[in-house]
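Undergrad: okay, predicted coordinates and the sequence, questions at the end:
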Amino acid sequence: MISALGEGIMTIADGPEMPSINDFLPDPFVFQGTPFAINRIILVRILATVIMLLVLGITASRAKLIPGRWQGAVEWLIEFVRDNIVYQVMGELRGKRYVPMITTVFCTLLVFNLCGIIPGFNIAASASITLPLVFAMWCFCQYWIAGIREKGLGHFLRDEIFPKGVPAPIYILLSPIQLLELQIIRPFSLTIRLFANMVSGHLILALCLSATQFFLVDVVNKLMMPFGIITFAAGMFMFLFEALVACLQAYIFAILTTAYINMSYPEID
């Protein structure tokens, strides 16, 4: 008995294999050393994109006047983005131009985020900083384009850097901050919000499942099994919570993108 307990204690000392930041920096396994190198996260992005395009393409090619359940679900998702994100923030007149863009942003991030809880993928395709940054830069390119198109470059920069109703001396401090916010802070905050949520969720879920593997399988001492049951329950809770976070983060990113673009338009009196 003492020997068994000792063996269990020695196994516990080794500890479970903890997830680390290295999970998000995997080595490339195809085209190493070239600009086209593919690692695990990039492969997940490619597969998720292909699956999403196939699903939408097949649904569109088989669309009927009276939709079935699947077509109805896809149409509901598109209408949700159009009516509850774009039109609600921008109005129908302005929003029509941006419905395709915001729908693409929402659907892509939704699928990429959900990859973190899909068996076989096991990591969100948005869990590296490059993809959130690319989407954030797309958002702010549209922000600048809309502002310049509607106001002209000079008026757009004036409204952004010198907001109305502020005493002139305050511009000495406010204008550099406004310029910094326009060029760096807003894109950076949009990027970090998505990236941090996907990374933290993956780490917590992986930690719970690693602990479950350790306590239920690796540890010889059966007295440790209740801990495995607890960590398994925590893992299942985190699984469901991550699904919620994946949907919520796609929604937040899409609605903030819409709000930022809408801010570049002149105010309607």
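TA: Yes, it's here. Because the structure is a prediction, the values reported are computed rather than measured.
Undergrad: residue 124 reaches residue 112, doesn't it?
TA: Yes: taking contacts as CB atoms under 8 Å, residue 124 lies within contact range of residue 112: 6.3 Å. Heads up, the C-betas are built off the backbone N, CA and C, glycines and all.
Undergrad: quick one, helices of the protein?
TA: With DSSP state H applied, the chain shows helices at 2-14, 40-61, 69-81, 87-95, 99-114, 130-151, 153-161, 171-180, 186-213, 225-263, listed in chain order.
Undergrad: re the thing from before, quick one: which of residue 124 and residue 112 has more around it?
TA: In terms of neighbours (other CB atoms under 10 Å), residue 124 is the more surrounded of residue 124 and residue 112; the figures are 32 against 27.
Undergrad: backbone dihedrals for that one, please?
TA: Comment: the main-chain dihedrals of residue 124 come out as phi -70, psi 130, following degrees, to the nearest 10.
Undergrad: need the helices of the chain in CSV (columns: distance to residue 27 and mean pLDDT).
TA: Below are the helices of the chain laid out as CSV (distance: least, CB to CB, whole Å; pLDDT from 0 to 100):
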stretch, distance to residue 27, mean pLDDT
helix 2-14, 25, 43
helix 40-61, 9, 91
helix 69-81, 36, 91
helix 87-95, 42, 90
helix 99-114, 21, 94
helix 130-151, 16, 91
helix 153-161, 42, 86
helix 171-180, 36, 87
helix 186-213, 18, 87
helix 225-263, 25, 90
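Undergrad: quick one: closest of those helices to residue 30.
TA: Ranking the helices of the chain by distance to residue 30, with CB to CB as the measure, places helix 40-61 first at 8.1 Å.
Undergrad: list of residues touching that closest one?
TA: By CB atoms under 8 Å, 6 or more residues apart in numbering, the surrounding residues in contact with helix 40-61 are 24, 26, 28-29, 38, 70-71, 74, 107-108, 111-112, 115, 121, 123, 125, 127-128, 131.
Undergrad: go ahead and confirm residue 131 touches residue 125.
TA: Yes: Residue 131 sits in contact with residue 125 when judged by CB under 8 Å, with a separation of 6.8 Å.
Undergrad: still on that earlier bit, return the members of the contacts of helix 40-61 classed as buried.
TA: When burial is judged by neighbour count using 16 or more other CB atoms under 10 Å, the buried members of the contacts of helix 40-61 are 24, 74, 107-108, 111-112, 115, 121, 123, 125, 127-128, 131.
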